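Asker: quick one, fold the following:
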Amino acid sequence: MSVLEVRDLSIRFGGLQALEGLNLDVNEFEIVGLIGPNGAGKTTAFNCITGFYKPNGGTVTYRGRDVTKTPPHVKAAMGFGRTFQNVGMVKSATALENLRTAQHAKAGYDVFSGLIGTGASVRAEKKLTDKADAILDLLDLTAIRDKRVGGQSYGTLKLLELGCALATDPDVLLLDEPTSGMGPDESDELGERLLLLRKEFGLTILVIEHHVPLVLRVCDHVYVLNFGRLLAEGEPSFIQTHPEVVAAYLGGEDPEALAATHETAEDAELDAQLEARVHGVTATPAPEEPVAEDEPLDDDTTELPVAPKAKRAAPRTRGKTAAEQREAKAATPRPRRTKKDAT
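Answerer: Got it, this is the predicted structure:
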C-alpha cells in the first residue's frame, strides 16, 4: 500500500520550471531515496509535498487523501515529519529544550495552564521530558542534553534535528540530506540507525541524500531527478549502473545525444593532424590553389611622384603644475629696493 503518492507534480518560479511532471510512490515501511545533482529540484519537491510550496499542477496523496493544498502544520499533525537542508532549531536553547519544543502539538494543555503551572501541565511536561531523554539516548546525544545547540558541530545538529522529527511521532519521515556535515563513518552509522528506526517504530522514510553509497545500502527504491524531471527510477542495483544517471552525476553527455552526433570533415582533419603528431608523421598538407600572377604593366618610364615623409612632431613637454609654479616663484630672488628707487 502506498503511504505517499505524487502525481504529475509541477511548479514554476517565473521563467524557471523547477519541477515538471514528477511521479513517485512511497510504500508502507519502505525507505525510498531521492537523488540527483545540485539544483535538480529535490528540496523543491519536498517543499511541495510538505506544504511549504503550492505547486502549479499535480497532486500529493497521503493514505488515499488529497493533501496537495494542506498547510504544513496540519500535515505535521497528520503524521508528516521532516528535517531541513539547513538546520532549523533554536540555537540559543539546549538540546533538551529543542526536543520538548518539537512536541508542542502533543502537550495537551493551554497557554494559561502553562503560565501558572497547573498540575496537569507539570505532568505533561514530565512526559515530554522523558520522551526527549529517550530520543537523546537512542541517538547517543545524552552528552549534549543540557548544552546550547549553537555550539555544536553541524553533524551533531543534523542528528539532533532527526531527533526533533522523531519527537513528533511521524508516520512518514522526510529527511533532507541527513548526512551533510558528517564523515564516512558517521554516515554509515546513520544508515544503520535509519534501518533500526524503520524496524522499531514502523516508519516509512523518504530521504534526499548525496552520499550515494548510503542510498544504495539502505534504500528499497530510488528516484533520480535531473533539471526538475524524473531521469530514472528502480532498485539501487539498477540505478547504480544506469548510463544516464552516471552521466548526470559525472557531468557527461546523454548516451542518446552522443549517438545522434556526427563527425564533421573539420573534426576528421583535426584528428588526423593530432594522430600524425603523436606518431611523428607529418601530415600531408592540402594542395594549395595557384595564385594568379599580376600581368606585367606596359613599359612606362614615367616616375610617379614620391610622397614626402611625414615629419615627426616635436615631443610634448609637460606644463608645470600650480604647486610647481609657486615653488619656482618662491625660489627666484627678489630685487632689493634702494632709497634712490624709493625717491
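Asker: what about the strands in this structure?
Answerer: 2-13, 16-27, 31-35, 57-62, 65-66, 80-82, 172-176, 204-208, 221-226, 229-234 (DSSP state E).
Asker: let me see the confidence value for H104.
Answerer: Reported pLDDT at H104 in the predicted model: 83.
Asker: and the gap between it and R198?
Answerer: According to C-beta to C-beta, to the nearest Å, H104 and R198 sit 26 Å apart. The C-beta positions use only the backbone N, C-alpha and C, and glycine is treated the same way.
Asker: neighbour count: those two, which is higher?
Answerer: Using other C-beta atoms under 10 Å, the more surrounded residue of H104 and R198 is R198, with 18 against 10.
Asker: who touches the more buried one in this structure?
Answerer: F29, I31, T204, I205 (C-beta atoms under 8 Å, 6 or more residues apart in numbering).
Asker: just the buried subset of those residues, please.
Answerer: I31, T204, I205 (16 or more other C-beta atoms under 10 Å).
Asker: the second one reaches D171, doesn't it?
Answerer: In other words, T204. Yes. The criterion here is C-beta atoms under 8 Å, and T204 meets it with D171 at 6.8 Å.
Asker: which residues are common contacts for these two?
Answerer: V3.
Asker: quick one: contacts for S10?
Answerer: Each residue near S10 by C-beta under 8 Å, 6+ apart is listed here: Q17, L19, E20, G21, L22, P55, N56, G57, G58.
Asker: for T168, same thing?
Answerer: Residues near T168 by C-beta under 8 Å, 6+ apart: A76, G81, A102, Q103, A105, K106.
Asker: and the two most separated of those residues?
Answerer: Using C-beta to C-beta, the contacts of T168 span at most 12.6 Å, a distance reached by G81 and K106.
Asker: so which of those two has more stuff around it?
Answerer: More crowded of G81 and K106, by other C-beta under 10 Å: G81, with 23 against 14.
Asker: does that one touch L166 like I think?
Answerer: Yes. At 7.0 Å, G81 counts as touching L166 under the criterion of C-beta under 8 Å.
Asker: what do the two both touch?
Answerer: Shared contacts of G81 and L166 (C-beta under 8 Å, 6+ apart): L173.
Asker: any idea of the mean pLDDT for the helix ranked longest in the chain?
Answerer: Scanning the chain for the helix with the most residues, using DSSP state H, yields helix 119-138. Taken as a whole, helix 119-138 has a mean pLDDT of 89.
Asker: now that helix - C-alpha only, CSV.
Answerer: Once non-C-alpha atoms are left out, helix 119-138 reads as follows in CSV (Å, rounded to 0.1, in the frame of the first residue of the first chain):
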residue,chain,number,x,y,z
GLY,A,119,-0.7,20.0,38.0
ALA,A,120,-1.8,18.8,34.5
SER,A,121,0.8,21.0,32.8
VAL,A,122,3.6,19.7,35.2
ARG,A,123,2.6,16.1,34.5
ALA,A,124,2.5,16.7,30.7
GLU,A,125,5.9,18.4,30.8
LYS,A,126,7.4,15.4,32.6
LYS,A,127,6.2,13.1,29.9
LEU,A,128,7.7,15.4,27.2
THR,A,129,11.0,15.4,29.1
ASP,A,130,11.0,11.6,29.5
LYS,A,131,10.4,11.2,25.8
ALA,A,132,13.1,13.7,24.9
ASP,A,133,15.6,11.8,27.1
ALA,A,134,14.7,8.5,25.4
ILE,A,135,15.4,10.1,22.0
LEU,A,136,18.7,11.5,23.2
ASP,A,137,19.7,8.1,24.4
LEU,A,138,18.6,6.4,21.1
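Asker: begin at 374 from here
Answerer: That works, and once the first residue is 374, the last one we named lands at helix 492-511.
Asker: what is it packed up against?
Answerer: The contact analysis (3 or more C-beta pairs under 8 Å, 6 or more residues apart in numbering; DSSP states H and E) places helix 492-511 against helix 468-474, helix 484-489, helix 527-539.
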